[in-house]
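Visitor: Dropping the sequence and predicted coords here.
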Amino acid sequence: MPGESFKTITKNKKAYHEYFVEESVETGIELCGTEVKSIRKGEVNLKDAWCSIENSEMYIKGMHISPYEHGNIFNQDPMRVRRLLLHKHEIRRLFGLVKREGYALVPLSLYFKGSLVKVQVGLCKGKKLYDKRADMAEKAAKRDMERALKQRNM
């Protein structure tokens, strides 16, 4: 839709460090009212979160949403398992891909699309230690080149 607004709430930077992202899928998430209010305040953590498929449904586990301070009895458990909203054929396709060795479903980011909360889930393959070192060396080299160009232009 042309007037659709996107507002990123949080990104899982650790996922990009630990995994190669092969593919990503946008999903909805089943939340309670006080959880949405906490998410609007930015009190959510995806760092240790992962996704699993059980009984033809996809769930996100390990995602921490802080309790809403004015929520009293309506607050939910911050670490509860939340259901992700996908079509059955998408879940079956991802399940077939995850069954392959070394692949995992990892939440990459959480954002608002209009008034709805969306989760970007990545089909990821784990990195080896030497891959992580190569990425860090590449980032350091790029940072040094940008620093040198900035000094040269001054």
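Guide: Cool, the structure landed.

Visitor: where do the strands sit along the protein?
Guide: Read by DSSP state E, the chain holds these strands, from start to end of the chain: 6-11, 19-29, 44-45, 50-54, 57-61, 64-65, 82-85, 103-113, 116-126.

Visitor: wait, which of those strands is closest to residue 75?
Guide: If you check each of the strands of the chain against residue 75 by Cβ to Cβ, strand 64-65 wins as the nearest, at 9.7 Å. Bear in mind the C-beta positions are built from the backbone N, C-alpha and C, glycine included.

Visitor: Which strands or helices does the closest one pack on?
Guide: Using 3 or more Cβ pairs under 8 Å, 6 or more residues apart in numbering; DSSP states H and E as the contact criterion, the neighbours of strand 64-65 among helices and strands are helix 33-40, strand 44-45.

Visitor: Switch the ones you listed over to a markdown table; also include mean neighbour count.
Guide: Written out in a markdown table, the entries for the helices and strands packed on strand 64-65 read as follows (neighbours: other Cβ atoms under 10 Å):
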| stretch | mean neighbour count |
| --- | --- |
| helix 33-40 | 18 |
| strand 44-45 | 18 |
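
Visitor: I'd like the strands of the chain laid out as TSV, including distance to residue 136 and mean pLDDT.
Guide: Formatted as TSV, the entries for the strands of the chain read as follows, by distance: least, Cβ to Cβ, whole Å; pLDDT from 0 to 100:
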stretch	distance to residue 136	mean pLDDT
strand 6-11	18	90
strand 19-29	15	92
strand 44-45	23	92
strand 50-54	23	93
strand 57-61	28	95
strand 64-65	27	92
strand 82-85	31	94
strand 103-113	20	93
strand 116-126	16	92
